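> got a sequence here, can you model it:
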Amino acid sequence: MQPEPPALTLPPLTKTADGAMRRVGVELEMNGLDLDQLATLVAEHCGCSIEKTSRYERSLKGDPAGDWIVELDSSLLKKMGRAERPQASTSADLISSAEDAIMWVAETLVPYELVSPPLPLDRLGVINELIALLRESGAKGTADRLTNAFGMQFNPEVPATDARTLTAYLKAFLCLYDWINQRASINFARRVTTYVDPFPGAYVRKVTAPDYWPDLPTLIDDYLLHNPTRNRALDMLPLFRHLDEPRVLKYTQDELIKARPTFHYRLPDCLIDQPGWDLTPAWNDWLEVEKLANDQGRLQGCCCAYQAYLSQGIGRLLDSWPDRLIQNWLPDVS
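Residues are numbered from 1 along each chain as shown. Next up, the predicted model:
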């Protein structure tokens, strides 16, 4: 019997503004298992029943937190898979052959994705249990092939939706990004796909300015002006669409932006096939964002120091912001 994974550390704020425990959704991309193998393993572990929603999608029902989703991470194939196969004819054979050909290519490039429901913070450990189970069963991650641009994403529910809270989290993330990115050591395949592009320098300078504390419409407008894309390590578009959908739709109509009251953290690789790997390291790095965002004095000081660092110009080549962070602004990191 496998030992139970250690409990994950909780953030400073565990409750939302209305007093409910914050929740976190997790998404894991992988291959090595087929759709039904993956769905069966997760369903048995979580006590769920499996519903076939299309040829490439399964919903796992019965968890009090909501449905687990197992799917092929391809919008085109999911759309094709929701339609019935046409009756036998020459044109129907061509359609079926086209779908089969796309699927044949997709099997080497496109991952299957496991999407959890929004889990209360005290249930987040089930993700580590599933990672261990799926690894033992043959799941493969980012490092298995050069083409495996597979990620792990998580969606921590925001503790509050006021502008000051959200601005503090953005400031903290931007200040810590170089350090987090260095620790994450993102796989080359994911870096070249632009899925997790860094924020533009002009936006980083704007937001980390110590006096930048806008109202909510300005915060959203500034973000959209510089980042009208999902491809950021911290994607704020789902949250901003949840808060002000018309404002977001003026900049982007991307149908993949799902409104939800969460941060969408997209940076980490999925290394599910590596012994001992689980959610813990990436989660602990995210917790440093949570801690900094909720320590006003340390956040303001860190922003001032980062602005001074950014103003060095070419002098930054001889300096290391991650080292400065560890020495001066991350007291819990050795």
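> ok, and the closest non-adjacent residue to residue 277?
With CB to CB, 6 or more residues apart in numbering as the criterion, residue 277 has its nearest non-adjacent residue at 4.4 Å, and that residue is residue 271. Backbone N, C-alpha and C define where each C-beta goes, glycine included.
> do the same with residue 322
residue 179 (4.1 Å).
> same check, this time on residue 9
residue 287 (6.0 Å).
> what lies in contact with stretch 228-235?
The contact list for stretch 228-235 (CB atoms under 8 Å, 6 or more residues apart in numbering) reads 170, 173, 177, 180-181, 194-199, 237, 251-252, 254, 256-257, 263-267.
> cool, and stretch 303-315?
Applying CB under 8 Å, 6+ apart, the contact partners of stretch 303-315 are 171, 174-175, 201, 204-205, 208-210, 316, 319, 321, 324, 328-329.
> what residues sit buried inside that stretch?
Buried residues in stretch 303-315, counted by 16 or more other CB atoms under 10 Å: 303, 305-306, 309.
> please, which helix or strand holds the residue nearest to residue 277?
Per DSSP states H and E, residue 271 falls between elements, in no helix or strand.
> please enumerate the helices of the stretch 1-150 of the chain.
With DSSP state H, counting those that start in this stretch as the criterion, the stretch 1-150 of the chain has helices at 35-46, 75-81, 90-109, 125-136.
> for the host helix or strand of residue 222, buried residues please.
Here residue 222 sits within helix 216-226, counting by DSSP H and E. Within helix 216-226, the residues that count as buried by 16+ other CB under 10 Å are 216, 219-224, 226.
> quick one: which two of the residues you listed are the most distant?
For those, the maximum inter-member distance is 16.6 Å, found between 216 and 226 (CB to CB).
> about what we covered before: for the residue nearest to residue 322, which three-state class applies?
Look at residue 179: counting by DSSP: H, G, I helix; E, B strand; the rest coil, its state is helix.
> check contacts around it.
Neighbouring residues of residue 179 by CB under 8 Å, 6+ apart: 321-322, 325-326, 330.
> same thing with residue 121?
10-11, 14, 21-24.
> got a markdown table for the buried residues of stretch 303-315, with distance to residue 115 and pLDDT too?
Listed next are the buried residues of stretch 303-315 as a markdown table, based on distance: CB to CB, whole Å; pLDDT from 0 to 100:
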| residue | distance to residue 115 | pLDDT |
| --- | --- | --- |
| 303 | 34 | 98 |
| 305 | 38 | 97 |
| 306 | 34 | 96 |
| 309 | 38 | 94 |
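> how deep is residue 265 tucked in, by neighbour count?
By other CB atoms under 10 Å, the residues close to residue 265 number 25.
> residue 127 too?
Residue 127 has 24 neighbouring residues, counting by other CB under 10 Å.
> try residue 17
12.
> how about the one 3 residues further on?
Here the number of neighbours of residue 20 (other CB under 10 Å) works out to 11.
> could you do residue 275 as well?
Residue 275 has 7 nearby residues by other CB under 10 Å.
> could you pull up the residues touching the nearest residue to it once chain neighbours are set aside?
If the residues on either side of it in the chain are set aside, residue 275 comes closest to residue 135, at 7.7 Å by CB to CB, 6+ apart. If you count contacts by CB under 8 Å, 6+ apart, residue 135 has them with 272-273, 275, 277.
> quick check: the two most widely separated of the residues you listed?
Checking those with CB to CB, the most distant pair is 272 and 275, at 10.5 Å.
> ok, residue 177 touching residue 197?
No. Residue 177 is beyond contact range of residue 197, at 11.3 Å (criterion: CB atoms under 8 Å).
> out of those two, which sits in the more crowded spot?
With neighbours defined as other CB under 10 Å, residue 177 and residue 197 compare such that residue 177 has more, 20 against 15.
> contact partners for the more buried one?
Neighbour list for residue 177: 198-199, 204, 233 [criterion: CB under 8 Å, 6+ apart].
> of those residues, just the buried ones, PyMOL syntax please.
Applying 16+ other CB under 10 Å to these leaves a buried subset, and the PyMOL line that selects it is:
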select buried, resi 199+204+233
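> strands - which of the contacts of residue 177 land there?
Per DSSP state E, strands hold no members of those.
> now, which of the contacts of residue 177 sits nearest residue 61?
Of all the contacts of residue 177, residue 233 has the smallest distance to residue 61: 32.5 Å, by CB to CB.
> phi, psi for that closest one please.
Main-chain torsions, residue 233, degrees, to the nearest 10: phi -60, psi -30.
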